[in-house]
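Trainee: Could you look at this predicted model? Sequence included:
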Amino acid sequence: MQFQILAHDTQSKARTGVITTGHGEIPTPIFMPVGTAGSVKAVHQRELEVDIDAKIILGNTYHLYLRPGLELLQLAGGLHKFNGWQRPILTDSGGYQVYSLSENRKIKPEGVTFRSHIDGSEHFFSPEAVMDIQRTIGADIIMAFDECTPYPCDYAYAKKSLKITHDWLSRCVNHFHQGTSLYGYEQTLFPIVQGSVFPDLRKESAEFIAAQEQPGNAIGGLSVGEPHEEMYAMTELVCGILPTNKPRYLMGVGTPENILESIALGVDMFDCVMPTRNARNGMLFTSGGVINIRNEKWKDDLSPIDAVLGGYVSTFYSKAYLRHLVISKEILGAQIASIHNLTFYLWLAKEARQKIQEGVFTAWKNKMVKVVSQRL
């Protein structure tokens, strides 16, 4: 994997660049649609590529390991061939899912024992096993196994958790570099900074992660309920420590406002289920603000969903028609809304790249934060 920085913003830490992987180039800053179980919910791969122009999508180690399982994925030749997506893929390590299974898992220095949410069967994830699983899935970028601390959590727990995460990272790095790709293209490991909202722990973790000298780095354990001000403070602290010549990935973030503010702090990569999850509930993100398409006010609005974005779905369908589908619980409503929201998120990232290159990012960001946060 290679990362080239193309331009810097003069009034913030924002930068634009390009990540090169075995499955193509990823312009940054970038938003990555979440395809937890090998698919982005309600969206075809063709729509992801042609209509949305997603440059990279996510899969999840925990979910793919349980279903369809490693045997089938390896038989297919990896996730790219299994799901037909030929652009880059990133896999989350499953650490966040283990965190969310708090009643069904047991964390030890050796790894995590957990029970499947599907059938209750017992499984064990060690750092080494998670590296092997992600090798088999075949993602271009794979994540180190970590523990995501809840919010709030006390300092003693966060410190103990951080030691486990760092110990696991050392094992991940060692095991990863002893192995090779199964499918003939390079795979890249990203360590994950943890430390909850405690500045000294975040500093310690960022320094430890930077010392691993991996091609890219991630920031985890944020956007788990903490106030936005604390998320930004921790992100700014960590970005000031992580190498400037490597991509920085802020995991699980977030709202359009979160993304814009975090780009200004020096983050390059984002993912979140919000665009598709909120779409299925009738919430649309647009270039003019947030729309609840279920509201009566859109009943006879025959204007396009968002003519500014371009793209077939956002410009072809009217708000009134989409509202009709959503109210009628037609599956097409969820599909249109999902494609639209993802189109918006990718449009926002593309606009940010352009404004950085033009040298006007900060002024544009300050204006757009207000616009995209307002309810219409």
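Mentor: Structure received. Numbers count the residues shown, from 1 in each chain.
Trainee: Run a quick neighbour tally on residue 184.
Mentor: Counted with other Cβ atoms under 10 Å, the neighbours of residue 184 add up to 10. Glycine gets a C-beta too; all of them are placed from N, C-alpha and C.
Trainee: and what of residue 297?
Mentor: Count around residue 297 with other Cβ under 10 Å applied: 12.
Trainee: Give the buried residues for the top helix by length along the chain.
Mentor: In the chain, taking DSSP state H as the definition, the longest helix is helix 331-358. The neighbour-count check on helix 331-358 (16 or more other Cβ atoms under 10 Å) flags 333-353, 355-356 as buried.
Trainee: Likewise for stretch 4-12?
Mentor: 7-9, 12.
Trainee: Now pLDDT, secondary structure and distance to residue 20 too, for these, in CSV please.
Mentor: Supplementary listing: the buried residues of stretch 4-12 in CSV, determined by pLDDT from 0 to 100; DSSP: H, G, I helix; E, B strand; the rest coil; distance: Cβ to Cβ, whole Å:
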residue, pLDDT, secondary structure, distance to residue 20
7, 98, strand, 17
8, 98, strand, 19
9, 97, coil, 22
12, 98, coil, 25
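Trainee: with those residues in mind, which one is nearest to residue 184?
Mentor: residue 7 (33.3 Å; Cβ to Cβ).
Trainee: so who does that closest one touch?
Mentor: 15-16, 356-357, 359 (Cβ atoms under 8 Å, 6 or more residues apart in numbering).
Trainee: swap in residue 89?
Mentor: Counting by Cβ under 8 Å, 6+ apart, residue 89 has contacts 23, 56-59, 79-80, 138-141.
Trainee: Equivalent analysis for residue 118, please.
Mentor: So residue 118 contacts 66-67 (Cβ under 8 Å, 6+ apart).
Trainee: what's the spacing between it and residue 236?
Mentor: 39 Å (Cβ to Cβ, to the nearest Å).
Trainee: quick one: average confidence on the longest helix of the chain?
Mentor: The pLDDT scores in helix 331-358 average 98.
Trainee: Check the offset of that helix from the chain's centre.
Mentor: Remark: helix 331-358 is offset 14 Å from the chain centroid, using Cα atoms, centre = their mean, to the nearest Å.
Trainee: Helix 331-358 and the helix or strand just after that helix, what's the angle between them?
Mentor: As assigned by DSSP states H and E, the chain's next helix or strand after helix 331-358 is helix 361-373. For helix 361-373 against helix 331-358, the angle by axes from the mean of the first three to the mean of the last three Cα atoms, to 10 degrees is 160 degrees.
Trainee: For helix 361-373, name the packing helices and strands.
Mentor: With contacts taken as 3 or more Cβ pairs under 8 Å, 6 or more residues apart in numbering; DSSP states H and E, helix 361-373 sits against helix 256-264, strand 289-292, helix 331-358.
Trainee: and residue 279, what is it in contact with?
Mentor: 42, 334, 337-338, 340-341.
Trainee: returning to what we had before: just the ones of the contacts of residue 89 in helices?
Mentor: Short answer: the contacts of residue 89 in helices (DSSP H) are 79-80.
Trainee: Any chance of TSV for the contacts of residue 89, columns distance to residue 313 and neighbour count?
Mentor: Converted to TSV, the contacts of residue 89 look like this (distance: Cβ to Cβ, whole Å; neighbours: other Cβ atoms under 10 Å):
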residue	distance to residue 313	neighbour count
23	25	19
56	20	25
57	18	27
58	21	21
59	24	26
79	26	24
80	25	22
138	30	26
139	27	27
140	27	23
141	28	26
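Trainee: So which of the contacts of residue 89 is the closest to residue 46?
Mentor: Taking the contacts of residue 89 together and measuring to residue 46 by Cβ to Cβ, the closest member is residue 57, at 13.1 Å.
Trainee: Excluding chain neighbours, give the residue nearest to the closest one in space.
Mentor: Leaving out its chain neighbours, the residue that sits closest to residue 57 by Cβ to Cβ, 6 or more residues apart in numbering is residue 35, at 4.6 Å.
Trainee: do the same with residue 279
Mentor: Using Cβ to Cβ, 6+ apart, the closest residue to residue 279 is residue 337 (3.7 Å).
Trainee: That neighbour contacts residue 285, doesn't it?
Mentor: No. Taking contacts as Cβ atoms under 8 Å, residue 337 lies outside contact range of residue 285: 9.9 Å.
Trainee: Residue 180 versus residue 282, what's the distance?
Mentor: Taking Cβ to Cβ, one finds residue 282 at 46 Å from residue 180.
Trainee: Between those two, which has more neighbouring residues?
Mentor: residue 282 (20 against 10).
Trainee: got the contact list for the more buried one?
Mentor: 292-294, 326, 333, 337.
Trainee: per-residue pLDDT, it?
Mentor: pLDDT, residue 282: 98.
Trainee: okay, which residue is most central for this structure?
Mentor: Nearest to the mean C-alpha position of the chain, counting by Cα atoms, centre = their mean, stands residue 271 at 2.0 Å.
Trainee: for that one, what are its contacts?
Mentor: 31-34, 58, 90, 249, 251-253.
Trainee: Disregarding residues adjacent in the polypeptide, which is nearest to the residue sitting furthest away from the middle of the chain?
Mentor: In the chain, the residue that sits farthest from the middle, by Cα atoms, centre = their mean, is residue 300; the gap is 35.6 Å. Nearest residue to residue 300 in three dimensions, chain neighbours excluded: residue 320, at 5.6 Å (Cβ to Cβ, 6+ apart).
Trainee: Using the three-state scheme, assign the one you found.
Mentor: helix (DSSP: H, G, I helix; E, B strand; the rest coil).
Trainee: next one: residue 4
Mentor: strand.
Trainee: start the count at 112, not 1, going forward
Mentor: Sounds good: first residue 112 from here, last item residue 115.
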